[in-house]
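Chemist: Fold the following for me, if possible:
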Amino acid sequence: MSEIDYEKLAEIELQKDEAEDAQSDQEKTFIPPQLEDPELNINHPYYDVARHGIIQLGGDDNSGRKVITFSCCRMPPSHQLNHTRLLEYLKYTLDQYVENDYTVVYFHYGLKSQNKPSLKWLQTAYKEFDRKYKKNLKALYVVHPTNFIKILWNIFKPLIRHDENLRGKQKGKLPPVVKIPPPRPPLPTQQFGVSLQYLRDKNKGELIPPVLKQTVSYLKRKGLRVEGLFRRSASIQTIKDVQKLYNQGKSVNFDDYDDIHIPAVILKTFLRELPEPLLTFECYDHILGITSVESSLRVTRCKQIIQGLPEHNYVVLKYLMCFLHMVSQENIYNRMTGSNLACVFGLNLIWPSQGTASWSALVPLNLFTELLIDFYLNIFNSRTVPGEVLP
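Modeler: Below you'll find the predicted structure:
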């Protein structure tokens, strides 16, 4: 079948998709919420495209990789959007993250004949994304795929096969098998990647891990009114250097780095690298059920789930939520409401024991986290533990 036949077939399938959307909009896949971008202003080099929110940085996944989302439902009619500029803005966004592992999530829902780019544009876009963009792309998720997507696959298949052949030639022979040495035991001063119990034992029974206490203390003094706190990234190498200092038991002075976002990223990294999430694997399914609870009873349900946590987890969680509640109270300055903080911290507090959280799980996980932050005083008011401290 020729390319022009594929284009006609794609048009037919797109019309079918539109008809299905009109009949059952409520049954479609979750559409990610619009995220405020505190940096976006009229002087942004791609303000004309960025203002639509089509391309977003969705935060970090469970492996610490940046997640870039592309939402078709936010694309305006074609006559209102320069698709060449859209491609340039996509590359501009990816350029900030492609030197490290990253993930792309494509939300197909909302693509219609009025706003879809041409097949020629799609082919141009594919060719534009050379090895620079592909080498560290670890996952591409397509949400709400349709027959239209399958037809596009047939169109792009020759290009994909060509890429695979080139990669195969470049790789040549398989590399020799390398024997992986057994993991080393953690250092006595280790802070990242070890359990709360390990940290407590190595820090004279202190319930709050040193890295958590130090980052929270610093951010409380100097970061509460910083716009976009916890939303911004920091130098990957600097983060690794700071982790190394902590793991070696050396002192860290965040003033030396002149970047408030470094302690913010360190805090998130510490939570993400715990062997078991702070909210524990056992609570995962209970937390997913929060959306099925009547709205007026959700805070009570949160409280019940939190009361079941091990004592140490509860104390650390209470300490963290106390601080995040403080951050949310300054949202007029930092733009970080409980909802925005939940989007950042949800997957850093809880994840499944096997695999990673599905996109449908993000709604209950973030809702639960938002309730913990917004209703901190209510949820944590009835359980005290000897020796616990607050920020």
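Chemist: tell me the mean pLDDT for the strand or helix carrying Tyr141?
Modeler: Here Tyr141, judged by DSSP states H and E, is contained in strand 137-143. The average pLDDT within strand 137-143 is 75.
Chemist: Please save the CA atoms from stretch 226-238 in PDB.
Modeler: Presented in PDB, the C-alpha positions along stretch 226-238 are these (Å, rounded to 0.1, in the frame of the first residue of the first chain):
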ATOM      1  CA  VAL A 226      11.700  30.100  46.800                       C
ATOM      2  CA  GLU A 227       9.500  29.900  43.700                       C
ATOM      3  CA  GLY A 228       9.200  26.400  42.300                       C
ATOM      4  CA  LEU A 229      10.900  24.700  45.300                       C
ATOM      5  CA  PHE A 230      11.200  20.900  44.600                       C
ATOM      6  CA  ARG A 231      10.100  21.500  40.900                       C
ATOM      7  CA  ARG A 232      13.500  22.400  39.600                       C
ATOM      8  CA  SER A 233      16.300  20.100  38.800                       C
ATOM      9  CA  ALA A 234      20.000  20.400  39.700                       C
ATOM     10  CA  SER A 235      23.300  19.200  38.300                       C
ATOM     11  CA  ILE A 236      23.400  15.400  38.200                       C
ATOM     12  CA  GLN A 237      27.100  15.400  38.900                       C
ATOM     13  CA  THR A 238      26.700  17.800  41.900                       C
END
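Chemist: so how far is Pro352 from the residue lying closest to Lys318 once chain neighbours are set aside?
Modeler: Spatially, and ignoring its direct neighbours in sequence, Lys318 is nearest to Phe380 (4.9 Å; CB to CB, 6 or more residues apart in numbering). No exception for glycine: its C-beta is placed from N, CA and C like everyone else's. Separation of Phe380 from Pro352 (CB to CB, to the nearest Å): 25 Å.
Chemist: where in the stretch 151-300 of the chain is pLDDT low?
Modeler: Per-residue confidence of the stretch 151-300 of the chain (counting by pLDDT under 70) places the weak regions at 151-184.
Chemist: ok, Trp121 - how many residues close by?
Modeler: Residues near Trp121, counting by other CB atoms under 10 Å, number 15.
Chemist: isn't it right next to Asn82, touching?
Modeler: No. Trp121 is beyond contact range of Asn82, at 10.8 Å (criterion: CB atoms under 8 Å).
Chemist: isn't the residue nearest to Lys318 right next to Met321, touching?
Modeler: Yes. Assessed by CB under 8 Å, Phe380 is found in contact with Met321 at 6.7 Å.
Chemist: which parts of stretch 304-313 are buried?
Modeler: 305-306, 309, 312-313 (16 or more other CB atoms under 10 Å).
Chemist: Mean confidence (pLDDT) on stretch 320-328, please.
Modeler: Mean predicted lDDT for stretch 320-328 stands at 96.
Chemist: what does stretch 341-355 give?
Modeler: 89.
Chemist: can you check stretch 52-59 too?
Modeler: The pLDDT scores in stretch 52-59 average 82.
Chemist: Using PDB, write down the CA coordinates of that stretch.
Modeler: C-alpha atoms of stretch 52-59 as PDB (Å, rounded to 0.1, in the frame of the first residue of the first chain):
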ATOM      1  CA  HIS A  52      -0.500  25.500  25.800                       C
ATOM      2  CA  GLY A  53       1.100  23.000  28.200                       C
ATOM      3  CA  ILE A  54       1.400  20.300  25.500                       C
ATOM      4  CA  ILE A  55       4.900  19.300  26.600                       C
ATOM      5  CA  GLN A  56       5.500  19.100  30.400                       C
ATOM      6  CA  LEU A  57       8.200  17.800  32.700                       C
ATOM      7  CA  GLY A  58       6.200  15.400  34.800                       C
ATOM      8  CA  GLY A  59       8.800  14.900  37.500                       C
END
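Chemist: Tell me how far that stretch lies from the chain's centre.
Modeler: 11 Å (CA atoms, centre = their mean, to the nearest Å).
Chemist: Please enumerate residues in contact with it?
Modeler: 32, 34-35, 37, 49, 66-72, 74-76, 81, 86, 89-90, 93, 97, 105, 343-344, 347 (CB atoms under 8 Å, 6 or more residues apart in numbering).
Chemist: if I pick the residue nearest to Lys318, what's in contact with it?
Modeler: Counting by CB under 8 Å, 6+ apart, Phe380 touches 306, 318, 321-322.
Chemist: now swap in Gln114 and tell me
Modeler: Contact partners of Gln114, counting by CB under 8 Å, 6+ apart, are 77-78.
Chemist: where does it fall, helix, sheet strand or coil?
Modeler: coil (DSSP: H, G, I helix; E, B strand; the rest coil).
Chemist: Give me the distance between it and Lys120.
Modeler: To Lys120, Gln114 is 18 Å away according to CB to CB.
Chemist: same thing with Val98?
Modeler: For Val98 relative to Lys120 (CB to CB), the value is 25 Å.
Chemist: between those two, who's got more neighbours?
Modeler: Using other CB under 10 Å, the more surrounded residue of Val98 and Lys120 is Val98, with 19 against 10.
Chemist: Let me know the helix or strand that the more buried one is in.
Modeler: According to DSSP H and E, Val98 maps onto no helix or strand at all.
Chemist: Can you name the residues that contact it?
Modeler: Val98 neighbours (CB under 8 Å, 6+ apart): 132-133, 135-137.
Chemist: Tell me the one among those residues nearest to Ala361.
Modeler: Using CB to CB, Leu137 is the member of the contacts of Val98 that sits closest to Ala361, with 22.7 Å.
Chemist: need the contact list for that closest one.
Modeler: 98, 102-104.
Chemist: Beta-bridge partners for it, please?
Modeler: For Leu137, the beta-bridge partners are Tyr102 (DSSP bridges).
Chemist: Regarding Val67, what is its secondary structure?
Modeler: Classified using three-state DSSP, Val67 is strand.
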